[in-house]
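Engineer: Build the 3D model from these lines:
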Amino acid sequence: MENVMGEVAKILLLIVACAPILYWLSKIVTSFVLYKLSPPHYVAMQFEDKEGNVRNSKVVDVSKDKNFYAVVAQIYKNSQHKEGNT
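Structural biologist: Numbers count the residues shown, from 1 in each chain. So this is what the prediction gives:
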């Protein structure tokens, strides 16, 4: 009977020790799957000059941060260049 209780204690300890790792792995996998299955998200961006005229307008896919920041930086630089403020 003692040996069986020792084995049960070891198994419970193993389950408790692995629970946080399994929890975070499941969260990571779930987030990755949701990210891959989510549809693209588009935003229309416009930059205006001081008079309120639209200098530049573009539809941007903001599903991925890398694409979003690259497009914003490019549009901002183009808008500044058109004004003569390089």
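Engineer: Quickly list what A44 is bridged to.
Structural biologist: Beta bridges link A44 to V59, judged by DSSP bridges.
Engineer: got the contact list for it?
Structural biologist: For A44, the contacting residues are 57-60, by C-beta atoms under 8 Å, 6 or more residues apart in numbering. C-beta: built from backbone N, CA, C; applies to glycine.
Engineer: Please enumerate the helices of this structure.
Structural biologist: 2-37, 65-83 (DSSP state H).
Engineer: about what we covered before: now the contacts of A44: which count as buried?
Structural biologist: Among these, those buried by neighbour count (16 or more other C-beta atoms under 10 Å) are V60.
Engineer: re earlier: which one of the helices of the chain lies nearest to Q46?
Structural biologist: helix 65-83 (9.3 Å; C-beta to C-beta).
Engineer: what packs against the lowest-mean-pLDDT helix or strand in the chain?
Structural biologist: None of the helices or strands of the chain scores lower by mean pLDDT, DSSP states H and E than helix 65-83, at a mean of 73. Here helix 65-83 touches strand 42-48, strand 54-61, going by 3 or more C-beta pairs under 8 Å, 6 or more residues apart in numbering; DSSP states H and E.
Engineer: what is the orientation angle of it with strand 54-61?
Structural biologist: For helix 65-83 against strand 54-61, the angle by axes from the mean of the first three to the mean of the last three C-alpha atoms, to 10 degrees is 170 degrees.
Engineer: Next, the buried residues of stretch 47-59.
Structural biologist: Result for stretch 47-59 [16+ other C-beta under 10 Å]: buried residues F47.
Engineer: Convert the C-alpha atoms of it to PDB, please.
Structural biologist: C-alpha atoms of stretch 47-59 as PDB (Å, rounded to 0.1, in the frame of the first residue of the first chain):
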ATOM      1  CA  PHE A  47      -2.500  62.300 -44.600                       C
ATOM      2  CA  GLU A  48      -3.600  66.000 -44.700                       C
ATOM      3  CA  ASP A  49      -1.500  69.100 -45.100                       C
ATOM      4  CA  LYS A  50      -1.900  72.200 -42.900                       C
ATOM      5  CA  GLU A  51      -4.800  73.500 -45.100                       C
ATOM      6  CA  GLY A  52      -6.700  70.300 -44.700                       C
ATOM      7  CA  ASN A  53      -6.100  69.000 -48.300                       C
ATOM      8  CA  VAL A  54      -5.500  65.300 -48.500                       C
ATOM      9  CA  ARG A  55      -1.800  64.800 -49.500                       C
ATOM     10  CA  ASN A  56      -1.800  61.000 -49.600                       C
ATOM     11  CA  SER A  57      -4.300  58.300 -49.300                       C
ATOM     12  CA  LYS A  58      -3.800  54.500 -49.200                       C
ATOM     13  CA  VAL A  59      -5.600  51.300 -48.100                       C
END
